[in-house]
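**Student:** Got a predicted model here, sequence first, then my questions.
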Amino acid sequence: MPGGLGAGAGVYSTVAALLLMALSGVPSLFMPRTPRLGQGIAVAGMGTGALLGLNACRVQLFSTVSVSSAAFPWPAAGNSLIGMDALSAFFLVPILVVEALGAVYGLAYWNAGQHPQTARKLQFFWGTMGAGMVLLVIARHAMAFLLGWEIMALSAFFLVSTEDDKAESRRAGLVYIFATHIGTLALFCLFAYWRLVTGSFALDAIPPGSATGTQLGVLFLLALLGFGLKAGIMPLHFWLPGAHANAPSHVSAVLSGVLLKTGVYGILRICLLLPEPPLAWGVLVLALGAASSVLGVLFALGQHDLKRLLAYHSVENIGIIFMGMGLAFMGRATGNAGWIVLGMAGCLLHVWNHSFFKSLLFMGAGSVLHATGTRNIDSLGGLAKKMPWTSVLFLVGAVAICGLPPLNGFISESFVYLGLIGALGAGGIASAVALAAPLLAMTGALAVACFVKAFGSVFLGSARTGIADSAHEASVSMLAPMTVLAGFCIFIGLFPASVAPVLDRVTAAVVPMSVLGTLPSLGTFLPLGTFGTLALVLVGGISAVSALVFLLMRRIRTVVTWDCGYARPTSSMQYTASSFAQSIVAMFAWILHPLEHRTRVLGAFPGRASMSSHIDDAVLDGLLIPGARKAELRTEWFHRFQQGLTQNYILYVLVALALLLCTLIPFRELLKLLSFG
């Protein structure tokens with residue numbers, strides 16, 4: 001077996017982890033009278049499965065012995081259905097970590113005693129979704145991949161629709177299942193065409209020269225469509241904001257932090273199996289990533305729903321991942337080792353980083369929702385006084401997602417920056433790729449503005465409503481997973497050199513060695529040790545300044561926040577999320593098309609006035625829903641054929657059967673006979 005005994009044991013360990021995760025929620029289905037015990041069993045099963053799987057990942061990613069691949073043979077198929085390599089192990093890490101931590105978070109957030117019916121459903125599909133993701137990541141055959149994909153997709157639908165008594169949740173689930181079925185159809189076409197081109201459903205590298213450029217282009221575009229929908233790249237993101245906003249918050253954490261990355265994994269897996277990639281592939285992926293990153297953060301700025309704001313930031317960060325991926329694809333096409341190494345390192349590390357800080361942020365938003373009962377940012381405020389631990393952990397995630405030092409988001413974005421800047425002297429079309437660097441910088445600046453708005457409006461100032469004033473701190477079972485995720489964000493930011501060997505190992509395993517021979521290490525292109533030292537110095541400086549401010553504040557008289565000289569200040573005098581972002585939203589109104597609703601002010605002594613605004617999704621609300629309504633109006637005449645009469649349906653079946661039989665008639669030979677006669 002390739003890879004040796006240790007690698008083979010890793011595959012079997014991963015299979016055991018998959019089964020434990022899939023079955024973790026089953027006992028709770030048969031324990032309606034003891035729902036908390038069933039939930040505890042589910043968490044234990046998920047945790048045990050995660051530990052088994054992480055041990056297998058350790059063998060692939062950290063072993064000093066070279067482990068190229070490990071296969072799990074399946075004689076009936078004539079080849080291996082599943083296997084394990086460095087790329088699989090890399091993507092398994094966030095799947096296992098976030099699934100296990102999310103299960104612990106759910107003990108208090110979605111307590112089975114308080115939600116006896118929905119909790120059992122949630123626990124069951126939580127396990128099957130995790131098992132589906134594990135299966136598709138280790139699949140080495142199209143059928144195994146599609147099986148894992150469908151298990152994951154359908155489980156996610158039921159999780160998004162957990163609160164199916166609410167119209168908003170049902171709508172989000174409907175949009176999600178519509179999008180995921182389009183993506184699945186694209187993948188069916190992809191693997192059918194893969195079979196036509198290669199003669200096999202096995203996911204093995206296509207030898208150079210064995211397929212035409214047109215065939216490879218079709219495979220690439222089908223992969224980009226099918227996997228891009230799952231990843232949520234703009235403009236295929238339309239299902240994402242509603243699903244992330246309406247799912248339970250720990251489900252949102254897995255959807256954003258992990259499930260989106262299966263789309264990234266699929267594109268990497270398929271495209272790195274294709275030989276001779278043209279430069280245009282990398283440019284297209286890079287352009288989609290740049291557009292997605294900028295537009296994602298712009299739409300986030302205009303949101304008033306905290307979870308919907310975070311959902312659009314998932315679109316932004318998937319764009320950053322695609323920028324690194326596009327740079328690596330360009331490096332393969334041009335034989336540029338620097339682009340390959342920096343692009344893949346930025347893409348892969350941001351997969352991990354986004355999984356950690358976005359899961360942390362969604363759990364933080366869930367703690368706020370659990371304590372206040374609302375996601376509306378303008379109804380919150382002052383929560384740092386009521387929820388100090390949640391506010392600190394949310395701040396860690398906010399700094400990380402903005403790409404600021406000394407946290408992990410800065411490290412992965414730096415790799416992409418350096419790769420893009422290195423394209424300046426390349427000449428030709430590749431030189432134009434350097435234009436993506438200012439767009440990445442613009443994305444970072446807008447992200448800072450967005451999270452200053454979010455953190456300031458939610459946690460700082462004074463409570464705007466009674467529900468914010470009566471908030472309470474989250475329980476230990478909710479804070480503990482958030483603390484672990486914050487620890488990952490801090491560790492990678494302070495010690496980036498510790499993950500460099502893993503990135504080098506994965507890059508060397510998936511990039512064909514025929515491109516450039518042995519690829520240089522990541523440390524060849526940038527001083528990771530210096531990054532870590534500067535980060536530690538920055539942490540020390542921030543700690544010293546914070547300690548000084550704390551000592552000085554003990555001597556300062558405390559007054560109402562934003563007093564502004566008024567005798568009787570109220571919380572309504574604070575900046576709201578809407579007013580804070582208004583200037584930026586107005587600047588990009590030609591893209592966002594904000595809609596304002598305001599009360600007219602009339603007379604010398606006008607009554608109570610109000611103003612609100614919202615931004616619709618450009619694709620779903622601006623294109624798909626209006627287009628579907630017009631199509632429905634124009635096809636109303638077709639309803640006459642669906643009248644509920646069995647005899648009519650039998651007639652339709654007979655007509656269809658007759659038409660299909662006609663396709664078997666050899667018309668050419670028939671025409672020859674007729675012409676001869």
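**Tutor:** Sure, I can see it. Residues are numbered from 1 along each chain as shown.
**Student:** any idea how far Val484 is from Ser543?
**Tutor:** From Ser543 across to Val484, the span is 21 Å (Cβ to Cβ, to the nearest Å). (Each C-beta comes from the backbone N, C-alpha and C, glycine too.)
**Student:** more crowded one of the two?
**Tutor:** Val484 (16 against 10; other Cβ atoms under 10 Å).
**Student:** The more buried one is in what secondary structure piece?
**Tutor:** helix 476-494 (DSSP states H and E).
**Student:** Show me what counts as buried in that helix.
**Tutor:** Buried positions in helix 476-494, judged by neighbour count with 16 or more other Cβ atoms under 10 Å: 478-479, 481-486, 488-490, 492-494.
**Student:** so Ala131 sits right up against Val26, yeah?
**Tutor:** No - using Cβ atoms under 8 Å, Ala131 is not in contact with Val26, being 11.4 Å away.
**Student:** Comparing those two, which residue is more hemmed in?
**Tutor:** Neighbours were tallied for Ala131 and for Val26 using other Cβ under 10 Å; the higher tally belongs to Ala131 (25 against 16).
**Student:** Tell me the first helix or strand C-terminal of the host helix or strand of that one.
**Tutor:** Using DSSP H and E, Ala131 sits in helix 116-138. Remark: after helix 116-138, the chain's next helix or strand is helix 142-160, criterion DSSP H and E.
**Student:** Convert that next one to CSV, retaining C-alpha atoms only.
**Tutor:** In CSV, the C-alpha atoms belonging to helix 142-160 read as follows (Å, rounded to 0.1, in the frame of the first residue of the first chain):
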residue,chain,number,x,y,z
ALA,A,142,-16.0,10.4,-8.4
MET,A,143,-18.8,8.3,-6.9
ALA,A,144,-17.4,8.5,-3.4
PHE,A,145,-16.9,12.2,-3.8
LEU,A,146,-20.5,12.8,-4.9
LEU,A,147,-21.8,10.6,-2.1
GLY,A,148,-20.0,12.7,0.5
TRP,A,149,-21.0,15.9,-1.3
GLU,A,150,-24.7,15.0,-1.3
ILE,A,151,-24.6,13.9,2.4
MET,A,152,-23.0,17.2,3.3
ALA,A,153,-25.4,19.3,1.1
LEU,A,154,-28.6,17.7,2.3
SER,A,155,-27.5,17.7,6.0
ALA,A,156,-26.7,21.4,5.7
PHE,A,157,-30.2,22.1,4.3
PHE,A,158,-31.8,20.5,7.3
LEU,A,159,-29.5,22.5,9.6
VAL,A,160,-30.2,25.8,7.9
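**Student:** Could you check the angle it makes with helix 116-138?
**Tutor:** Angle between the axes of helix 142-160 and helix 116-138 is 150 degrees (criterion: axes from the mean of the first three to the mean of the last three Cα atoms, to 10 degrees).
**Student:** Show me how far whichever helix or strand comes after helix 142-160 is from its chain's centre.
**Tutor:** Using DSSP H and E, the next helix or strand after helix 142-160 towards the C-terminus is helix 167-198. Relative to the centre of its chain, helix 167-198 is centred 16 Å away, using Cα atoms, centre = their mean, to the nearest Å.
**Student:** Let me see the ranges of the strands in this protein.
**Tutor:** Applying DSSP state E to the chain gives strands spanning 70-74, 79-84, 595-598, 611-614.
**Student:** comparing these, which gets the lowest mean pLDDT score?
**Tutor:** Lowest mean pLDDT within these: strand 70-74, at a mean of 61.
**Student:** list the contacts for the closest residue to Phe415 other than its chain neighbours?
**Tutor:** Computed as Cβ to Cβ, 6 or more residues apart in numbering, the closest residue to Phe415 that is not its neighbour in sequence is Gly346, at 3.5 Å. Counting by Cβ atoms under 8 Å, 6 or more residues apart in numbering, Gly346 touches 320, 323-324, 327, 412-416, 419.
**Student:** List just the nearest of those to Arg598.
**Tutor:** Among those, Ile320 lies closest to Arg598 (Cβ to Cβ), at 36.3 Å.
**Student:** What separation do you get for that closest one and Ala290?
**Tutor:** In terms of Cβ to Cβ, Ile320 sits 9 Å off from Ala290.
**Student:** again with His304
**Tutor:** For His304 relative to Ala290 (Cβ to Cβ), the value is 27 Å.
**Student:** how far out from the middle of the chain is stretch 351-361?
**Tutor:** In this view, stretch 351-361 has its centroid 9 Å away from the chain centroid, taken as Cα atoms, centre = their mean.
**Student:** doesn't Gly38 make contact with Pro27?
**Tutor:** Yes - under the criterion of Cβ under 8 Å, Pro27 makes contact with Gly38 at 5.5 Å.
**Student:** Give the residue from those two that has the larger number of neighbours.
**Tutor:** Legend: neighbour count by other Cβ under 10 Å for Pro27 and Gly38, higher for Gly38 (24 against 20).
**Student:** Lowest-scoring secondary structure element of this structure by mean pLDDT?
**Tutor:** strand 70-74 (a mean of 61; mean pLDDT, DSSP states H and E).
**Student:** ok, Ala468 to Arg555 distance?
**Tutor:** Using Cβ to Cβ, we find Ala468 at a distance of 29 Å from Arg555.
**Student:** Which one's more surrounded, those two?
**Tutor:** Set side by side, Ala468 and Arg555 show more neighbours around Ala468, with 22 against 6, by other Cβ under 10 Å.
**Student:** so who does that one touch?
**Tutor:** Ala468 neighbours (Cβ under 8 Å, 6+ apart): 372, 379-383, 386.
**Student:** could you redo the last one with a cut-off of 10 Å?
**Tutor:** With contact set as Cβ atoms under 10 Å, 6 or more residues apart in numbering, Ala468 has these partners: 368, 371-372, 374, 379-383, 386, 458, 461-462, 571.
**Student:** was I right about Met482 contacting Met387?
**Tutor:** No - counting by Cβ atoms under 10 Å, no contact exists between Met482 and Met387, whose distance comes to 11.4 Å.
**Student:** for the stretch 1-150 of the chain, what are the low-confidence residue spans?
**Tutor:** 1-10, 63-79 (pLDDT under 70).
**Student:** Can I get stretch 630-646 in PDB, CA atoms only?
**Tutor:** Output of stretch 630-646 as PDB, limited to C-alpha atoms (Å, rounded to 0.1, in the frame of the first residue of the first chain):
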ATOM      1  CA  LYS A 630     -41.100  37.100 -14.900                       C
ATOM      2  CA  ALA A 631     -40.500  33.500 -16.000                       C
ATOM      3  CA  GLU A 632     -43.500  32.400 -13.900                       C
ATOM      4  CA  LEU A 633     -45.800  34.900 -15.500                       C
ATOM      5  CA  ARG A 634     -44.700  34.000 -19.000                       C
ATOM      6  CA  THR A 635     -45.200  30.300 -18.400                       C
ATOM      7  CA  GLU A 636     -48.600  30.400 -16.700                       C
ATOM      8  CA  TRP A 637     -50.100  28.800 -19.800                       C
ATOM      9  CA  PHE A 638     -48.200  25.600 -19.100                       C
ATOM     10  CA  HIS A 639     -50.200  25.100 -15.800                       C
ATOM     11  CA  ARG A 640     -53.100  23.700 -17.900                       C
ATOM     12  CA  PHE A 641     -51.100  20.500 -18.500                       C
ATOM     13  CA  GLN A 642     -50.900  19.900 -14.700                       C
ATOM     14  CA  GLN A 643     -54.500  19.300 -13.700                       C
ATOM     15  CA  GLY A 644     -54.200  16.400 -11.300                       C
ATOM     16  CA  LEU A 645     -55.800  13.900 -13.700                       C
ATOM     17  CA  THR A 646     -54.100  10.500 -13.800                       C
END
